[in-house]
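Student: got a predicted structure here, sequence first:
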Amino acid sequence: MEFGLTGFSVLVIAIVVLAIIIVTMSVKAVPQGYEYTVERFGRYVKTLRPGLGMIFPIVDRIGAKLNMMETVLDVPQQEVITRDNALVQVDGVVFYQVLDAAAAAYEVRDLERAVLNLTMTNIRTVMGSMDLDELLSRRDDINTRLLHVVDDATEPWGIKVTRIEILDITPPTDLVESMGRQMKAERDKRATVLVAEGDRQAQVLRAEGEKQAQILAAEGRREAAFRDAEAREREAEAEAKATAMVSEAIARGDVNAVNYFVAQRYVDALGKFADSPNQKTFFLPLEATSLIGAVGGIAEIARDAMQQRDARRGPWEGGGGGAASGEKKS
């Protein structure tokens, strides 16, 4: 059995094949994380989101396929001259993300190269306006200033610069050695200052301690002098009272009181001679009977004092008085 193709059959087959081709060209699958721009006769008309999208074949075509995920660019190492004429080597990284596919595709040509060159230029500008010490110690400030400048400049391109990080700042070798010597000298200076401060504090504390010791010693001497003066005053009062009593006894004609007074002075004088460190042997032409008489006078005064006390107490306070009288009679 033979099958013949008529002209109509060929036309139908051609139309079916053409329809399949048109449908295939019309349907576009956009992967996640990407967006496609659509151009009609060379002019941007729309953006295809992730998933299936439709375009008109022949009149429409895919213009640019843009990655909408955050992208990292390595900033190559470059030389930067600081404000104090120090030459350093600097490199870093840039993180950015496309937010507007149409602007990123049609506002700038070669987006990555534009972002990279803009970042390198601003690194030289920002870091060149700082001293080397600021460059090494204020890296966070450098990152913040670079991010602000580059993000503002790239906003018309439909992208968002999220971070700019300076990785390495490498000064010349001779400059590193000079910085090491400077740091060592600074630390030695701090150590010397700390030692001097410690010595000063020790001297101050030592002086305060000596001052307090002198104050306490002066207080002790003052208290001792006050005690000595008080003792001498009381001794003088007792001496004055004893002298007054002897004077009264002499006025009454009591010879025993005179003998007591003379004997007391005599004994005191002998004690002073005995305590003298320079005299070990001495001769005194004294009469032994005078000393015995003086001692007898002292005993007589003591007996008279006992009799007067017993007389004041009276016979009704027996015991002690009676015993004393009996002892006197015996």
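Tutor: Done, it's in. Numbering: from 1, shown residues only.

Student: sec struct for the residue nearest the centre of the chain, please.
Tutor: For the chain, the residue nearest the mean C-alpha position is residue 194 (14.3 Å; C-alpha atoms, centre = their mean). At residue 194 the chain is in helix, as set by DSSP: H, G, I helix; E, B strand; the rest coil.

Student: next one: it from residue 182, what distance?
Tutor: 19 Å (C-beta to C-beta, to the nearest Å). (C-beta placed from N, C-alpha, C; glycine too.)

Student: pLDDT weak spots in the stretch 201-330 of the chain?
Tutor: The stretch 201-330 of the chain contains residues with pLDDT under 70 at 246, 250, 253-330.

Student: and with 90 instead?
Tutor: Across the stretch 201-330 of the chain, the ranges flagged by pLDDT under 90 are 208-211, 213, 216-330.

Student: end-to-end on stretch 65-85?
Tutor: 45 Å (C-alpha to C-alpha, to the nearest Å).

Student: tell me the mean pLDDT for that stretch?
Tutor: Averaged across stretch 65-85, the pLDDT comes to 92.

Student: what are the contacting residues of it?
Tutor: 33-37, 87-98, 101, 104-105, 112, 115-116, 119-120, 123-124, 127-132, 135, 162, 168 (C-beta atoms under 8 Å, 6 or more residues apart in numbering).

Student: which among those residues count as buried?
Tutor: 34-37, 88, 90-92, 94, 96, 98, 101, 104-105, 115-116, 119-120, 123, 127, 130, 132, 135 (16 or more other C-beta atoms under 10 Å).

Student: let's see which of those residues end up in strands.
Tutor: When DSSP state E is applied, the buried ones among the contacts of stretch 65-85 are split such that 34-37, 88, 90-92, 94, 96, 98 fall in strands.

Student: relative to residue 189, which of these is nearest.
Tutor: The closest of those to residue 189 turns out to be residue 88 (C-beta to C-beta; 26.1 Å).

Student: give the bridge partners for that closest one, please.
Tutor: residue 80 (DSSP bridges).

Student: could you measure from the residue nearest to the centre of the chain over to residue 207?
Tutor: Distance from residue 194 to residue 207, counting by C-beta to C-beta: 20 Å.

Student: ditto for residue 10
Tutor: 122 Å.

Student: residue 106 too?
Tutor: In terms of C-beta to C-beta, residue 106 sits 83 Å off from residue 207.

Student: neighbour count for these two, which is higher?
Tutor: The neighbour count for residue 106 versus residue 207, taken as other C-beta atoms under 10 Å, is higher for residue 106 (16 against 10).

Student: residue 43 is in contact with that one, correct?
Tutor: No. Counting by C-beta atoms under 8 Å, residue 106 stays clear of residue 43, with 10.1 Å between them.

Student: skipping adjacent residues, who's closest to residue 36 in space?
Tutor: Among residues not flanking residue 36 along the chain, residue 48 sits closest, at 4.2 Å (C-beta to C-beta, 6 or more residues apart in numbering).
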